[in-house]
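Colleague: show me how the following folds:
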Amino acid sequence: MNSQKKYVNCLKCGKVLGVRYKFCLGCIVLVQREYRRAWYLAHPRYIHKIPMEKKCEECKVIFFTFYSRKKYCGSERKRTGCAYKMQIKRANNYAPQWRAKNPLKLRFYREKGRVRQSIYYRKWYVKNRQRNPVYREHNKIGQLLRDAVKRGRIKRALNCQQCFKKTKVVAHHIDYDKPFEVIWLCKSCHSLLHNSLRSK
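Modeller: Just a heads-up that it's a prediction; the model follows:
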C-alpha cells in the first residue's frame with residue numbers, strides 16, 4: 001500500500017500545497033476578492049459594495065476603496081499610509097495661519113482644555129487615591145484625630161498657628177507616628193506648607 005502523501009498545486013500560481021487546499025494563502029485573498037466582485041456585479045442591488053481601484057497621488061501605489069473622492073492610500077483614522085502623512089502636512093501648513101488670525105479663539109480653546117483636564121484629574125484622584133496604601137494609612141490616622149476632637153479629648157484651635165488669623169483651621173501632622181501631635185493651620189497656610197515640603 002502506498003503511504004506517500006499526494007501534493008497538489010495552487011490553481012492560480014502553481015505553488016505546491018497540501019492535499020486539502022486549492023489555493024495558497026497569497027492567492028486565496030485575490031480569489032475571494034474576484035468572487036465577491038463577480039457576485040456583486042450579478043446582483044445590482046449590491047453594486048455599491050464593489051471597491052474601486054485607484055492610484056495614490058503621492059506614492060503611485062494601486063489601492064482599493066469604496067470612496068470616489070479618496071486620493072491617497074492608507075487611513076487618516078488608523079494613522080497609516082499617505083493619507084495620514086498628507087493630513088499632518090495640511091495641519092502643519094494651516095495651523096500657524098489659523099493661530100495668527102484667531103488669537104482669542106486659541107486662548108479660549110486652551111483655557112477650555114485646561115479646565116477640562118483639571119476636572120478629569122480631580123475626578124481621577126478622588127477615584128484612585130484609595131488604592132494608595134500611604135493614603136489609606138494617613139486617612140486612618142486622620143479618622144483617629146477626628147474622633148478624638150468629636151469626643152472632646154483634643155481641642156480644636158480657633159486661630160491659625162502660623163498667621164494667627166481667626167478662621168476655620170485644619171490639622172497638620174508633623175509626624176504620622178504621633179497621631180495626636182498636630183499644628184492647626186488655615187487652608188492657605190496648610191497648602192503653602194505642603195507645597196514647600198513637596199519642593200524639597
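Colleague: every contact and neighbour count from this point should use C-alpha atoms.
Modeller: Noted.
Colleague: how is the protein divided into domains?
Modeller: With automatic domain parsing as the criterion, the domains of the chain are listed as 8-75, 102-128, 132-199.
Colleague: in the helix or strand harbouring Ile183, what's buried?
Modeller: In the assignment (DSSP states H and E), Ile183 maps to strand 182-186. Buried residues in strand 182-186, defined by neighbour count with 16 or more other C-alpha atoms under 10 Å: Ile183, Trp184, Leu185, Cys186.
Colleague: wait, which of these is closest to Lys54?
Modeller: Checking the buried residues of strand 182-186 against Lys54 by C-alpha to C-alpha gives Cys186 as the nearest, at 69.8 Å.
Colleague: returning to that earlier point: can I get the domains of the chain in a markdown table including distance to Gln87?
Modeller: Compiled in a markdown table, the domains of the chain are given as follows (distance: least, C-alpha to C-alpha, whole Å):
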| stretch | distance to Gln87 |
| --- | --- |
| domain 8-75 | 10 |
| domain 102-128 | 21 |
| domain 132-199 | 42 |
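Colleague: distance-wise, check Leu192 relative to Cys163.
Modeller: In this structure, Leu192 and Cys163 are separated by 12 Å, where distance is defined by C-alpha to C-alpha, to the nearest Å.
Colleague: so where is this protein shaky, pLDDT-wise?
Modeller: When residues are selected by pLDDT under 70, those of the chain lie in 1-6, 19, 129-130, 200.
Colleague: which helix in it has the most residues?
Modeller: Here the longest helix in the chain is taken by residue count, with DSSP state H as the criterion, and it is helix 103-128.
Colleague: follow-up on the earlier one: and the strand holding Ile183, what does it pack onto?
Modeller: If contacts are counted by 3 or more C-alpha pairs under 8 Å, 6 or more residues apart in numbering; DSSP states H and E, strand 182-186 sits against strand 169-173.
Colleague: just the C-alpha atoms of the strand it packs on, please, in CSV.
Modeller: Output of strand 169-173 as CSV, limited to C-alpha atoms (Å, rounded to 0.1, in the frame of the first residue of the first chain):
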residue,chain,number,x,y,z
VAL,A,169,-8.5,75.6,60.7
VAL,A,170,-7.3,72.1,59.7
ALA,A,171,-4.8,69.7,61.5
HIS,A,172,-1.4,69.2,60.0
HIS,A,173,0.6,66.2,61.2
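Colleague: what lines up beside it in the sheet?
Modeller: Each strand pairing with strand 169-173, determined using DSSP bridges, is listed with its direction: strand 182-186 (antiparallel).
Colleague: quick one: the helices in this structure?
Modeller: Remark: helices assigned in the chain by DSSP H are 25-42, 81-101, 103-128, 133-151, 187-199.
Colleague: what would the ones you listed look like in CSV with mean neighbour count and distance to Tyr67?
Modeller: Formatted as CSV, the entries for the helices of the chain read as follows, by neighbours: other C-alpha atoms under 10 Å; distance: least, C-alpha to C-alpha, whole Å:
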stretch, mean neighbour count, distance to Tyr67
helix 25-42, 13, 16
helix 81-101, 13, 13
helix 103-128, 11, 33
helix 133-151, 13, 54
helix 187-199, 12, 56
